[in-house]
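Enquirer: Have a look; sequence and predicted model below, questions after that.
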Amino acid sequence: MLTPMVHIRSVSRSALLALTLLSACAASGPTASVSASGPRKSPPGNAAPGAFGAYLAGRFAANETDLDVAADNFLHALAADPGNEELQQQAFLATLMAGRPDAVRLARGLKDNQAAQLLLADQDVKAGNWDNAELRFRALPKQGLTQVLQPVLLAWAQQGAGHTDAALATLRPYMEGQRFRGVYTLHAALIADLANRPADAAKLYRLAEAEAGGTNLRLAQILASWQTRQGHPADAQRTLAALAEQGDELSIALPTLGQGLNTRPVPRAADGIAEAYLALAAALRQQDASDFSLILLRLALDLRPDYTAARLLIADVMDSGKHPAAALKVLSAVPPSDPLAPVIRLRRAALTEREGNTDDAMKQLEQLARDEPTRPEPLAMLGDLMRTKQRFPEAVSAYDRAIARIGTPATKDWPLFYDRGIAEERAHQWGKAEADLQRALQLSPDQPYVLNYLAYSWTEQGHNLTQARRMIDRAVEQRPNDGSIVDSLGWVQLRQGDSAGAIKSLERAVELEPEDATINGHLGDAYSAAGRKLEAQFQWRRALTLNPEPDDAAKLEAKLHEGAQAGNGPTTADRRVQ
C-alpha cells in the first residue's frame, strides 16, 4: 500500500475543478482513473460580482493543489452568493479535501452529491445510526467506482447494527466474482473476526492472503495480528519480515510494528468503513487519480482520526502537489508512540528538505540514526539527500555508514551499493564505484538500472564495449520505454561504429525523453558521425536549450563552434538514476 519515496508523479489535473461528483466518475470502469472536465472559463452560473474574484482565486488555488487557500476562497465566494449551487459544490469539495469541518454543513445541502452523502453517512456511523447509514450507502449508484465500494460499506453498516450473517451474505457473491475478490474476502474476514467467529475468520483470512498475491503494509498488519491472537507469534513475525524483503522505508518500523498485535486491527465497524476508503484510495492513487483518492482519505480520517496509513497517503498526495508544508501538517498529528513513527520521521525529513531546509533535514536524519542505531534507512536517506545536492563525498560517507549496519547483504540491499556507486563515480572514485555497481549486480543480477549505469559508464570510457552492449540489451528488454536506457543503447552502438543503428535508437530515445539535454546531444553526435551535419547542429543547439550541466554545455558549444566530430558528447551519467 505504501510505496518507497522515489519519483512521485505530480498531480496533473486540478484537484477540484477536474472533479465534480463521485457519480460523475461512474462512467469509468472500476479500475479507471477519474476523468477531467476542465476548468470553466466564466463564473459559475450567475455568480454575484463579489463572488467572482474569490471564485477565480479558489479555482487557481485548486489547480495548484493548495487546498486550504482554495477552501477559504470558495467559502468567501459562497458567502457573497449563497444561492449558487455550483459554488456550494466547489466549496464542499474544497473543504472536504482540506479536512475542514465546514464540509459537513455544506454536505447537508447537496442531496445529489455522492461525496456529500458518504460524509453524511459517516456522521450517522459516528452517531450509531446504522440504519440511516445503510440507507445512504444503498442509495449510491451501482456502477463505476462506487460499484466497488458499496458492498463493503453496506456490509460494515450491517455489522455495526449487529447483523453479522447479513453482512457476510452481502459480501458472499462478490467474493465469488472475478474482480476484487481479495478486497471483499479480506473485509469478510475482518467482519467475522470482529464478530468472534474464529473458524470463519481463519478460512477467510487464508483466502484473502491467497488472493492478494503479495503482502502490503496493511495486509501484513492484519494477518500478523490474527496469527498472534491465534497463538502463532512466529508466523506473525515472518509475515512482518516479508515487508523488509521489499527493501523500502517500511523496514525501519518492523520492531514497532510487532507491538500491539494482540488487539484487533479493526476493533469497530466504523474502522472497517475507514479501511474500505483507504483500500480504494490507495488503488486510485496508483492510477494518478489523486483528487478522488484524497476525498476517500479524508472520509477515512473523519471516521478514524488516528489512522496513520491514511495520513501517510494524504501526505504523499500533498507532496506530489508540491505542498510539503501541508504534508508536514498532516503528519504532525501522528504521536511518537505510533508503530509507524519511524516511517513518519523519515517522511518528515524528506518533506523538510523539499521545503528547502536541508540542514534541518540532515539534523533530523542524524537524530533518527542515533535513535535507531541498527537501522540503515536514515543514513541511506541522508546519502540520497547529499547526492541530490551534488555533495558526493558526503554522500559516500553516509552510504558507508548505512552499509556498515546491514551485516550480510541480501537481495533487497542492492540499492545501497548502487547509490554508493553513483556517488563514488561522481566523486571521481571510479575503482570503488565499479566495485559497488558490480556488487549491486551480484545481489540483483537483472536490475535494469544497475545494468544500464555500469554499461553506460564503461561505454563512456571506451571499455568493455561488447559486455556493455549485452548488459544494455538486457536492460532494454526489461524497460523498452525508458528513454535513458534506450539512449544508452544508441550510445554504445555509436561507440561500436554502428551509426545507423545508433540514429534509430537515439531518435526513439528522444521521442521518449524529448526534454533531456544529454539524449538530444547524443543524437546530434550520431547525426554528425553519419555525415548529417545540419541535423547534428540542430540537435546540439536544441540540447543547449534544455539546461545541460555546465561541463556538458561547454562541450556542446565547442562542437557548434569548431564543428567537432562525434564521439566526445555529453558525459553526465547521474541522469540515469531512477
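Expert: Arrived safely.

Enquirer: after the helix or strand hosting residue 237 comes which helix or strand?
Expert: Using DSSP states H and E, residue 237 sits within helix 233-244. On the C-terminal side of helix 233-244, the nearest following helix or strand under DSSP H and E is helix 254-257.

Enquirer: The next helix or strand after that next one: which residues count as buried?
Expert: Next helix or strand after helix 254-257 toward the C-terminus (DSSP H and E): helix 269-286. Of all the residues in helix 269-286, those buried under the rule 16 or more other Cβ atoms under 10 Å are 269-285. Quick note: C-beta positions are derived from backbone N, CA and C, even for glycine.

Enquirer: again, but for stretch 176-196
Expert: 180-195.

Enquirer: what's the distance between residue 405 and residue 379?
Expert: 7 Å (Cβ to Cβ, to the nearest Å).

Enquirer: Kindly apply the preceding question to residue 453 instead.
Expert: In terms of Cβ to Cβ, residue 453 sits 21 Å off from residue 379.

Enquirer: Which one's more surrounded, those two?
Expert: residue 453 (29 against 24; other Cβ atoms under 10 Å).

Enquirer: is it true that that one touches residue 418?
Expert: Yes. Between residue 453 and residue 418 a contact is recorded at 7.3 Å, counting by Cβ atoms under 8 Å.

Enquirer: Find the residues that touch each one of these two.
Expert: Common contact partners of residue 453 and residue 418 (Cβ atoms under 8 Å, 6 or more residues apart in numbering): residue 437.

Enquirer: what's around residue 415, how many residues?
Expert: Residue 415: 21 neighbours (other Cβ under 10 Å).

Enquirer: what residue ranges in the stretch 101-250 of the chain are flagged as low confidence?
Expert: 144, 246-248 (pLDDT under 70).

Enquirer: Which residue ranges of it form strands?
Expert: Using DSSP state E, counting those that start in this stretch, no strands are found in the stretch 101-250 of the chain.

Enquirer: Kindly provide the distance from residue 154 to residue 190.
Expert: In terms of Cβ to Cβ, residue 154 sits 14 Å off from residue 190.

Enquirer: Apologies, that question was intended for residue 515.
Expert: According to Cβ to Cβ, residue 515 and residue 190 sit 47 Å apart.

Enquirer: where in this structure is pLDDT low?
Expert: Checking the chain against pLDDT under 70 turns up 1-50, 144, 246-248, 288, 563-578.

Enquirer: Mutual contacts of residue 405 and residue 379, please.
Expert: What both residue 405 and residue 379 touch, as defined by Cβ under 8 Å, 6+ apart, is an empty set.

Enquirer: mind listing the helices in the stretch 251-400 of the chain by residue range?
Expert: 254-257, 269-286, 290-303, 308-320, 324-331, 341-354, 358-371, 377-388, 392-404 (DSSP state H, counting those that start in this stretch).

Enquirer: most tightly surrounded among those helices?
Expert: helix 290-303 (a mean of 26; mean count of other Cβ atoms under 10 Å).

Enquirer: Give the other helices and strands that that one contacts.
Expert: Here helix 290-303 touches helix 85-97, helix 114-127, helix 269-286, helix 308-320, going by 3 or more Cβ pairs under 8 Å, 6 or more residues apart in numbering; DSSP states H and E.

Enquirer: Show the contacting residues for the residue located most distally from the centre of the chain.
Expert: The C-alpha centroid of the chain is most remote from residue 562, which lies 46.1 Å away (Cα atoms, centre = their mean). Shown in contact with residue 562 (Cβ under 8 Å, 6+ apart): no residues.

Enquirer: Could you report the neighbour count for residue 245?
Expert: 12.

Enquirer: Could you measure from the residue nearest to residue 392 when sequence neighbours are not counted over to residue 440?
Expert: What sits nearest to residue 392 in space, not counting adjacent residues and going by Cβ to Cβ, 6 or more residues apart in numbering, is residue 427, at 3.8 Å. For residue 427, the distance to residue 440 equals 17 Å [Cβ to Cβ].

Enquirer: Comparing the two, which residue is more hemmed in?
Expert: residue 440 (26 against 18).

Enquirer: so where does the more buried one fall, helix or strand?
Expert: Using DSSP H and E, residue 440 falls in helix 430-443.

Enquirer: What's the first helix or strand after that helix?
Expert: Next in sequence after helix 430-443, counting helices and strands by DSSP H and E, comes helix 448-461.
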